[in-house]
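**Q** could you work out the structure for the sequence below:
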Amino acid sequence: MNLIFRKKSNSAFSIEELFQKLTISINYSEINTVELPYNGASIKAIILNFLFCLKFKNTLNHVTGDIHYIIPALGKKTILTIHDVYSIIKGNFIKKTLIKIFWFWIPSLYVKKITVISEFTKKEVLEIIPWAQEKIIVIPNPIDLELCRSNFIKKKKTFTLLIIGTKENKNIERIFESVKELDLEINLIGKLSDNQQKLVNSLKLNINNFYNLPYNKVLELYNTSNLLCFPSTYEGFGMPILEAQAIGIPVITSNLSPMKDITGEGALLVDPYSIKNIRECIIKIINSPMLQEELIIKGKENVLRYDIHAIAKQYENLYKEIENV
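**A** Next up is the predicted model:
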């Protein structure tokens, strides 16, 4: 079985890292991880990656990570994992249409199964390829509980807020506005744009900015923070929620799907478009050690649903099912 990835990038929360860990827990005869030779979505990269994949045709293949266009080169014994939809479909009308054709419409006709990481993503996928409903199954992203809970580090004395990501959907401008004049420190993972840096300077925020970190360093930042603030306006899943819950820090996240579905009762839910609401919830957690402890306990209970061994079993069963077709 071939697990096929896009060419590796420096993303701190990469799909590749997630599935590399997952394969270790899957009880299957042989899993080969394959990295495509070319990065990006230029015509040249697409053609060369497509030709590269022809050698895997008609073997059992699992494709994940925004390289859906290679599916026709692989044959019918192929699984496609789709993480989200509308972070991929961008640009003008012509570009969006081409993406729909080559990333969704054509691949959906070739694959045996499509796995999606949440009911929210399933709904989005069905809006694009409604004819593929019988092929779609939901298998959530896993969390490695043992890794997250190892190497515990004592929290800082200053209350420290953790923010993950700097893309538009991560909503960090509203987070910045919500914490101005609060006595706290911020750990931010993700490279700030020039405008975001200007906002940080104008609000005089106390920020430690990190990017291109290995995963163990990311986990260290969770460990040295007191609260994950993740009021995202759009996610296909929301892995930072589970990572924070597994490590044992409180979570604030959006009252939108899939975030509100994934978190169980282990988070305070906010209106991500309300600076006032985000600020009120941050202050509420800072001022209530009892609430902090309650959210930590409920978070640790919730995250058991996503244990990597349970998710691995679902993929293992799927591989065996398709292999025997």
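
**Q** where does the prediction get shaky in the stretch 101-250 of the chain?
**A** 150-156 (pLDDT under 70).

**Q** now the helices for it?
**A** Ranges of helices in the stretch 101-250 of the chain, per DSSP state H, counting those that start in this stretch, are 106-110, 119-128, 145-149, 172-179, 194-203, 215-223, 239-247.

**Q** got TSV for those helices, with distance to His62 too?
**A** Bear in mind the C-beta positions are built from the backbone N, C-alpha and C, glycine included. Shown next, in TSV, are those (distance: least, Cβ to Cβ, whole Å):
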stretch	distance to His62
helix 106-110	13
helix 119-128	17
helix 145-149	22
helix 172-179	33
helix 194-203	36
helix 215-223	21
helix 239-247	19
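
**Q** quick check: which of the ones you listed is buried the most?
**A** By mean neighbour count, with neighbours taken as mean count of other Cβ atoms under 10 Å, helix 239-247 ranks first of the helices of the stretch 101-250 of the chain at a mean of 26.

**Q** not counting sequence-adjacent ones, nearest residue to Lys167?
**A** Gly190 (7.6 Å; Cβ to Cβ, 6 or more residues apart in numbering).

**Q** which of the helices of the stretch 101-250 of the chain sits closest to Lys313?
**A** Counting by Cβ to Cβ, Lys313 lies closest to helix 145-149 out of those; the figure is 14.9 Å.

**Q** so how far is that closest one from its chain's centroid?
**A** Its chain's average C-alpha position is 17 Å from that of helix 145-149, according to Cα atoms, centre = their mean, to the nearest Å.

**Q** all strands for the chain, in order.
**A** 2-5, 32-35, 61-64, 78-82, 113-116, 136-138, 160-164, 185-189, 207-210, 227-230, 251-254, 268-270 (DSSP state E).

**Q** okay if I get those strands as a markdown table plus mean neighbour count and distance to Lys284?
**A** As requested, the strands of the chain are exported to a markdown table (neighbours: other Cβ atoms under 10 Å; distance: least, Cβ to Cβ, whole Å):
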| stretch | mean neighbour count | distance to Lys284 |
| --- | --- | --- |
| strand 2-5 | 22 | 41 |
| strand 32-35 | 14 | 44 |
| strand 61-64 | 25 | 38 |
| strand 78-82 | 26 | 36 |
| strand 113-116 | 23 | 34 |
| strand 136-138 | 15 | 33 |
| strand 160-164 | 24 | 13 |
| strand 185-189 | 21 | 18 |
| strand 207-210 | 16 | 22 |
| strand 227-230 | 25 | 11 |
| strand 251-254 | 26 | 9 |
| strand 268-270 | 22 | 7 |
